[in-house]
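Student: Okay, sequence plus prediction incoming.
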Amino acid sequence: MDINNIKIDDIPTTTEELKAYDEKFNKPTQQSINEKMSAEREAFLAKQPSDIEMEEKIVEHLKLIFDPELPVNIYDLGLIYEIKCWTNDVSMLKMCKITMTLTSATCSFSNVIVDLVKSIVSRQSGLENIDVHIVFDPPWGQESMSDEAKLTMGLL
């Protein structure tokens with residue numbers, strides 16, 4: 001394509017014409033802007049952990065949060081029922097929802113535990129938000145604990 005034959009009011013229809021148009025007029029078209037944004041988005045996403053990888057990182061963080069009344073972390077204690085992560089379409093960062101329970105509905109440290117779980121956001125890059133959903137069905141029981149937690153608690 002001869003760049004000199006392109007006029008400002010031409011509408012580029014091929015990739016070559018689009019590149020020539022951009023080069024001659026130094027004025028990107030909406031299509032070239034969209035292509036550039038798409039490429040930048042793909043490059044950004046390629047650097048971000050997958051949903052599964054983020055869920056694994058969340059588990060690592062949860063294993064560092066101990067129940068204030070017990071010598072066991074909340075993950076091995078069996079308080080975590082589900083971790084679900086996805087990518088925010090606008091920010092391209094991860095959003096996560098953690099469904100969990102407490103050892104008792106009257107747990108006096110419930111706010112502390114929830115705040116500690118939510119604070120994972122400040123320690124994990126690529127994570128925008130954690131929504132914590134507390135449920136009491138099914139109720140927590142010792143059978144929810146990992147063998148390591150049971151051993152620590154003297155139950156094995």
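Tutor: Alright, I've got the coordinates. Residues are numbered from 1 along each chain as shown.
Student: where does the closest residue to Pro68 other than its chain neighbours fall, phi/psi-wise?
Tutor: Distances taken as Cβ to Cβ, 6 or more residues apart in numbering put Phe109 closest to Pro68, at 4.6 Å, once the chain neighbours are dropped. (C-beta placed from N, C-alpha, C; glycine too.) As for Phe109, its main-chain torsions (degrees, to the nearest 10) stand at phi -110, psi 20.
Student: what about the residue positioned nearest the centre of the chain, distance to Ser125?
Tutor: Centroid-nearest residue in the chain: Lys94, 2.4 Å away (criterion: Cα atoms, centre = their mean). From Lys94 over to Ser125 the distance is 10 Å, taken as Cβ to Cβ, to the nearest Å.
Student: what's the answer for Ile11, then?
Tutor: Following Cβ to Cβ, the distance that separates Ile11 from Ser125 is 42 Å.
Student: that older thread, for the residue nearest to Pro68, list the residues it contacts.
Tutor: Listed by Cβ atoms under 8 Å, 6 or more residues apart in numbering, the contact partners of Phe109 are Asp67, Pro68, Glu69.
Student: Please convert the buried members of those residues into PyMOL selection syntax.
Tutor: Those of the contacts of Phe109 that count as buried under 16 or more other Cβ atoms under 10 Å are selected in PyMOL with:
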select buried, resi 67
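Student: could the contacts of Phe109 go into TSV alongside distance to Ser144, pLDDT and secondary structure?
Tutor: TSV is the format used below for the contacts of Phe109 (distance: Cβ to Cβ, whole Å; pLDDT from 0 to 100; DSSP: H, G, I helix; E, B strand; the rest coil):
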residue	distance to Ser144	pLDDT	secondary structure
Asp67	13	90	coil
Pro68	18	88	coil
Glu69	16	87	coil
